[in-house]
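Trainee: Any chance you could fold what I've pasted below:
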Amino acid sequence: MKTNGDTVIRRSGGISKTIFILSLVIVAAISGVSGYFIAGVLKPSQSTIILNGAGATFPYPFLSAASINYSRTNPTVQVNYQSIGSGGGVKALITKTVDFAASDRPLTDDQRNSTNAPNSLHIPETVGSVVFAYNLPKTPSGTLPKGLNLTGDIIAGIFLGSITNWSNATIQNINPGFALPNHVISVVHRSDGSGTTFVWTSYLSSVSTVWNQTIGSNTAVSWPSLSGNSYGSSGNEGVAGAIRGNSHWAGYVELAYALQNSMSYSYIKNPYGKYIEPTLASTKAALNTIGSLPAGDRSWKSITLLNSPDQAAYPIASLTYLLVYKELNVVQGMTQAKAKALADFLWFIVHSPGGQDLAPALGYVPLPSSVTTINETTIKSITFNGTIVRS
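Mentor: All right, here's what the predicted structure looks like:
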């Protein structure tokens, strides 16, 4: 299948059914979820409340771990989150087929209007970075380590097709310690509607006039075909797998996926001319100059951590958001008990002790207190049939 001249990579069949069933049993056991199994699918007991969410793959490792931990101490609540990409999550929010959604891109004015998702709330859940990951062989064996210096213009040139070889002088000149191969660069990007893509293309639009005028920024864009060397894959996990499985490939993934998969990634030049390694510290530095923030029921489209004025900041950092309705009676299947469980779960996610304690070990930055305070006010405003569900 071809889209915009790209080959779309589909992941092959996954783990065996037996292993899948065992993994569900193990997860259920450690999380304290009650229920029973039919054909390998967890069937919760009748007293269990199921919270259904969908959206971004960017925060999935964090959100998955936090959900398991929440169910350990709240065994009557099971969180079912499908990491289908930010675009899919926003669509599910608009159609009201999930209890909550997740997106790395704030809702647009059109998405927040009266016919789509009015009265929706933004709840920042964590902070991460998007990295340029690569798989380059070194002589005589192994792969080139992390630390390849790159600028925004070079990265834009790679994705535009004006820089096609790893040994290009613009790359080699700023990496005198690397013996770069004389080999074509193959690029993999997201094939689904993706908040990670929005962050990545927003950064490229900010550093490259050509990119901004020809491609722009969005959750999905028309990627240059690069003479057949441009590939698409679904989810951060799909892009990470494609890069790891193919020598001389590169692409963009959230930092947590690069760390968890032991991938090599670039140090990117920030506005102060410093090549910055993406770390928890350099991602956190991007928060230092974030300024004032809107209330949860206002637009967050102008909020960005890209190209932070902090000299120690990695230039491609981003908040990622949970999205819910302020009045939950519009959601299919919502009840008073479920609304209360959802608000309690959201409260757990944004607090320490709670979900925020899990962030650093997974490659994410915990929320600063200023964001947590806004989240508290937002969650306390959630209602069901006009009644506040968490006072």
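
Trainee: element containing the nearest residue to A240 once chain neighbours are set aside, please.
Mentor: On the basis of C-beta to C-beta, 6 or more residues apart in numbering, the spatially nearest residue to A240 that is not a chain neighbour turns out to be Y257, at 4.5 Å. In short, each C-beta sits where N, CA and C put it, glycine included. Using DSSP states H and E, Y257 falls within helix 255-260.

Trainee: next helix or strand past that helix?
Mentor: Read in the C-terminal direction, the helix or strand following helix 255-260 is strand 264-265, with elements assigned using DSSP H and E.

Trainee: strands paired with that following strand, and their directions?
Mentor: Counting by DSSP bridges, the strands paired with strand 264-265 are strand 120-135 (antiparallel).

Trainee: Helix, strand, or coil at N113?
Mentor: Here N113 is recorded as coil under DSSP: H, G, I helix; E, B strand; the rest coil.

Trainee: ok, how many other residues are close to it?
Mentor: Under the neighbour criterion other C-beta atoms under 10 Å, N113 is assigned a count of 11.

Trainee: Could you do L226 as well?
Mentor: A total of 19 residues lie near L226 under the criterion other C-beta under 10 Å.

Trainee: Now it: closest residue in space that isn't a chain neighbour?
Mentor: Of all residues apart from its sequence neighbours, G161 sits closest to L226 (C-beta to C-beta, 6+ apart), at 4.6 Å.

Trainee: measure that neighbour to G228 for me?
Mentor: Shown here: G161 relative to G228, a distance of 11 Å by C-beta to C-beta, to the nearest Å.

Trainee: The two - which one has more neighbours?
Mentor: Legend: neighbour count by other C-beta under 10 Å for G161 and G228, higher for G161 (16 against 12).

Trainee: just checking, G152 touches K269?
Mentor: Yes - judged on C-beta atoms under 8 Å, G152 makes contact with K269 at a distance of 6.9 Å.

Trainee: shared neighbours of these two, anything?
Mentor: Residues within reach of G152 and of K269 at once, by C-beta atoms under 8 Å, 6 or more residues apart in numbering, are P315.

Trainee: Let me see the domain layout of the protein.
Mentor: Residue ranges for the structural domains of the chain, counted by automatic domain parsing, are given in the record as 11-128+294-301+319-388, 130-289.

Trainee: and the first one, how far from the chain's centre?
Mentor: Its chain's average C-alpha position is 14 Å from that of domain 11-128+294-301+319-388, according to C-alpha atoms, centre = their mean, to the nearest Å.

Trainee: Tell me how many other residues crowd T378.
Mentor: Other residues lying near T378 total 22 when counted by other C-beta under 10 Å.

Trainee: what's the nearest residue to it if we skip its chain neighbours?
Mentor: Nearest to T378 is G296, by C-beta to C-beta, 6+ apart, at 2.9 Å.

Trainee: go on, S208?
Mentor: Per C-beta to C-beta, 6+ apart, closest to S208 is A156, 3.6 Å.

Trainee: wait, doesn't that neighbour sit right on N212?
Mentor: No - using C-beta under 8 Å, A156 is not in contact with N212, being 9.1 Å away.

Trainee: Tell me the residues that contact both of these two, please.
Mentor: Where contact means C-beta under 8 Å, 6+ apart, the residues bridging A156 and N212 through contact with each are L204.

Trainee: Which of the two has more residues huddled nearby?
Mentor: Between A156 and N212, counting by other C-beta under 10 Å, A156 is the more crowded of the two (22 against 16).
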